[in-house]
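Colleague: Got a predicted model here, sequence first, then my questions.
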2 protein chains.
Amino acid sequence: MARPRTFDEDRAVDAAMRVFWTTGYEATSTQDLCTATGLGRSSIYNTFTSKRDLFDRALRRYAEHFTAAQLEVIRDESLPLRERVRRILWTAVEPVPDDPAGCFAINTIVELGPREPEIVDLLDRDHQTKVAALTTAIQAAQAAGEIDAEQNAEGLAVYVFTVLGGLRVAARGGASADSQRAVVEAALRSF
Amino acid sequence: MARPRTFDEDRAVDAAMRVFWTTGYEATSTQDLCTATGLGRSSIYNTFTSKRDLFDRALRRYAEHFTAAQLEVIRDESLPLRERVRRILWTAVEPVPDDPAGCFAINTIVELGPREPEIVDLLDRDHQTKVAALTTAIQAAQAAGEIDAEQNAEGLAVYVFTVLGGLRVAARGGASADSQRAVVEAALRSF
DNA sequence: CAGATTTTGGACCGATCAATCCACTACGAG
DNA sequence: CTCGTAGTGGATTGATCGGTCCAAAATCTG
C-alpha cells in the first residue's frame, strides 16, 4: 500500500449511476462521468476498467438497491396485500424528489435490450426475484381469503410490475401525478 | 428540373424508422442509415437536412401510422368496448412479426425524453389524441350500460395506454407471449 | 528520512462521429 | 444535340469518442 485514494468508490458508482440513469448509456461520455464523479480519467480507468464496466456496476447497484426496497414492501405482512401493491405502484406517483425521471432498469432494457443479452439476463433475474416474491404474497392472500382465489397469482404479479413499468415510462415523459394516480386506482381494480 | 431521384423518399424514411426503432437515436450512425436506406450520404443530406431531421420524420411517420390504426380499433362500434381494448393490448402479445421489438415512440421517450422537449410534445399530443378517443368510447359504453359507470373514464383510458406501455417495454426485454397474455387478462379485469 | 508503490492530472492516441464538399453523372428543357 | 440543373459517390473535415500513457505527487513501510 502507498498513496491512498482520495475518493469513495461507492460514491463514484452512485454518481455515475445517476448520470447513466438521466442520460442513457450511449449519450453519456466519459467526460460526463469525470465531471459527475469529480474524478480524473485516470482514476476512473484505474478503478473501473471501462465505461461499460462502470455502467454494469451502476446498474447492479441500482437493481440491488431498488429490489431490496420492493421486496421489503412485498413481504411486509403487517399490511394487506392490496396496500402493499399500492405502495409498489405509488413510487411512480410520488417518486423520490431528487431521483432522475423514470426507472434506470427500464431505460436500460429499452436502450440496450436488443443488443446486450447479458444485461437483459441480469435484469431478468432481478425481475424474476420480484415476481416470485409477489406471487408468493398473492398466494398467501388468496389462501387467507383476502383476494379472489380464482386468478392466476403469477400472472397477477407480472401484471403489477408491467403496470409499474408503464407508469415509469410515463413519468419519463413527464406525466402528472394526477394522471399517474388515476392509473394506480384503475390498476388496483384488478385485485 | 433535371436528373430525377432514383429512390422513393417514403421508403427511405421507412427504412430509417426501422433502424432508429431497433437501435435508438444515439447508437444509430449515419453510416447505418446509408446502409439501411441504400442511399449515399449525399442523397440523405440532400433530402433530409440532418440525422436529427430524418429521425423526426421517421418518428412522425411511426406515430401517424400507429395512431391511425389504433383509432380505427377504438372507434369500431361494431365491437364491444372490452373487445376493442383487448385488441389494443393484444398488439403486444402478437406483434407484427417483422417489426422491431417494442415501441418506437416509447423507446424515444425513454431515450430522449429528458433532453428533447419538442419530441416529448409531439408524442404527448399524439398520446392525448388516443386518450381522448378512448375516453369518448368508454363514456359511450358507460352510457349504454356496457361497463361500470362509476369509474373515471379518462383515468381508465390513460390506464389502458399505460399498461400497453408496460407491455411494450416487457416485449423489448423479450417477454414471452404467455406472460404478456396473462397481463392482458389481468388488465381487463379493471373493466 | 528514504525507497517502494499507488494515485493523480493531463497530454495524447487512433477510431469514429455527423456533416460538408466536389467532381462526375444523368436527365429534362430548348 | 447541347446546355443547365439536380442527384450521386466518395474523399474529406473538424470535433469528439473511449481509452492509454507518463511524469509528478502523495503516503505508507522500514
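Modeller: All right, it came through fine.
Colleague: Quick one: name the residues of chain A near DNA strand C.
Modeller: A:1-7, A:39-43, A:46-47 (CB under 7 Å from any atom of the strand). All C-beta spots, glycine's among them, are computed from the backbone N, C-alpha and C.
Colleague: Tell me which entries of these lie within strands.
Modeller: Counted as lying in strands by DSSP state E, out of the residues of chain A next to DNA strand C, is not a single one.
Colleague: Just the ones of those residues in helices?
Modeller: Counting by DSSP state H, the members of these that fall within helices are A:41, A:42, A:43, A:46, A:47.
Colleague: Mind checking which of the residues of chain A next to DNA strand C are buried?
Modeller: Taking 16 or more other CB atoms under 10 Å in any protein chain shown as the criterion, what is buried in the residues of chain A next to DNA strand C is A:39, A:43, A:47.
Colleague: and which of those residues is nearest to residue B:52?
Modeller: residue A:39 (31.6 Å; CB to CB).
Colleague: Phi first, then psi, for the closest one.
Modeller: As for residue A:39, its main-chain torsions (degrees, to the nearest 10) stand at phi -100, psi 160.
Colleague: in terms of contact, does it touch residue A:12 like I think?
Modeller: Yes. In this structure residue A:39 lies within contact range of residue A:12 using CB atoms under 8 Å: 6.2 Å.
Colleague: what sits in contact with each of the two?
Modeller: Common neighbours of residue A:39 and residue A:12 (criterion: CB atoms under 8 Å, 6 or more residues apart in numbering or on different chains): residue A:47.
Colleague: quick one: the helices in chain A?
Modeller: Going by DSSP H, chain A shows helices at A:9-23, A:30-37, A:41-47, A:51-74, A:81-93, A:104-112, A:117-143, A:153-172, A:177-188.
Colleague: export the ones you listed to JSON lines and tack on distance to DNA strand D and mean pLDDT?
Modeller: Shown next, in JSON lines, are the helices of chain A (distance: least, CB to the nearest atom of the strand, whole Å; pLDDT from 0 to 100):
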{"stretch": "helix A:9-23", "distance to DNA strand D": "10", "mean pLDDT": "97"}
{"stretch": "helix A:30-37", "distance to DNA strand D": "4", "mean pLDDT": "97"}
{"stretch": "helix A:41-47", "distance to DNA strand D": "4", "mean pLDDT": "96"}
{"stretch": "helix A:51-74", "distance to DNA strand D": "3", "mean pLDDT": "97"}
{"stretch": "helix A:81-93", "distance to DNA strand D": "30", "mean pLDDT": "97"}
{"stretch": "helix A:104-112", "distance to DNA strand D": "14", "mean pLDDT": "98"}
{"stretch": "helix A:117-143", "distance to DNA strand D": "15", "mean pLDDT": "97"}
{"stretch": "helix A:153-172", "distance to DNA strand D": "21", "mean pLDDT": "98"}
{"stretch": "helix A:177-188", "distance to DNA strand D": "33", "mean pLDDT": "97"}
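Colleague: Let me have those in a markdown table, adding distance to residue B:119 as columns.
Modeller: A markdown table is the format used below for these (distance: least, CB to CB, whole Å):
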| stretch | distance to residue B:119 |
| --- | --- |
| helix A:9-23 | 15 |
| helix A:30-37 | 21 |
| helix A:41-47 | 31 |
| helix A:51-74 | 24 |
| helix A:81-93 | 21 |
| helix A:104-112 | 15 |
| helix A:117-143 | 25 |
| helix A:153-172 | 12 |
| helix A:177-188 | 19 |
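Colleague: For the ones in helices among the residues of chain A next to DNA strand C, which two are the farthest from each other?
Modeller: Spatially, the most separated pair among those is A:41 and A:47, at 11.0 Å (CB to CB).
Colleague: what touches both of those two?
Modeller: Between them, residue A:41 and residue A:47 share no contacting residue, judged by CB under 8 Å, 6+ apart.
Colleague: contacting residues for residue A:33?
Modeller: Residue A:33 makes contact with A:16, A:19, A:39, A:44, A:51, A:54, according to CB under 8 Å, 6+ apart.
Colleague: quick one: it from DNA strand C, how far?
Modeller: 13 Å (CB to the nearest atom of the strand, to the nearest Å).
Colleague: do the same with residue A:53
Modeller: 16 Å.
Colleague: Distance check, that residue against residue A:156.
Modeller: 37 Å (CB to CB, to the nearest Å).
Colleague: do residue A:104 as well
Modeller: Taken as CB to CB, the span from residue A:104 to residue A:156 is 25 Å.
Colleague: What of residue A:111?
Modeller: The value you get for residue A:111 to residue A:156, if CB to CB is used, is 29 Å.
Colleague: OK, now which residue of chain A is nearest to DNA strand C?
Modeller: Taking CB to the nearest atom of the strand, DNA strand C has its nearest neighbour within chain A at residue A:2, 2.4 Å off.
Colleague: Tell me which residues touch that residue, please.
Modeller: Residue A:2 touches nothing, counting by CB under 8 Å, 6+ apart.
Colleague: per-residue pLDDT, it?
Modeller: The score at residue A:2 is 74. That number is its pLDDT.
Colleague: hang on, the earlier thing: I'd like to know which of the helices of chain A is closest to residue B:72.
Modeller: That would be, of those and by CB to CB, helix A:153-172, which comes in at 22.5 Å.
Colleague: What is the neighbour count of residue A:100?
Modeller: A total of 19 residues lie near residue A:100 under the criterion other CB atoms under 10 Å in any protein chain shown.
Colleague: list the contacts for it?
Modeller: A:18, A:21, A:22, B:114.
Colleague: Quickly note the distance from it to residue A:26.
Modeller: Taken as CB to CB, the span from residue A:100 to residue A:26 is 16 Å.
Colleague: try residue A:163
Modeller: 28 Å.
Colleague: And the two? Which one has more around it.
Modeller: When residue A:163 and residue A:26 are compared for neighbours, residue A:163 comes out ahead with 30 against 15, by other CB under 10 Å.
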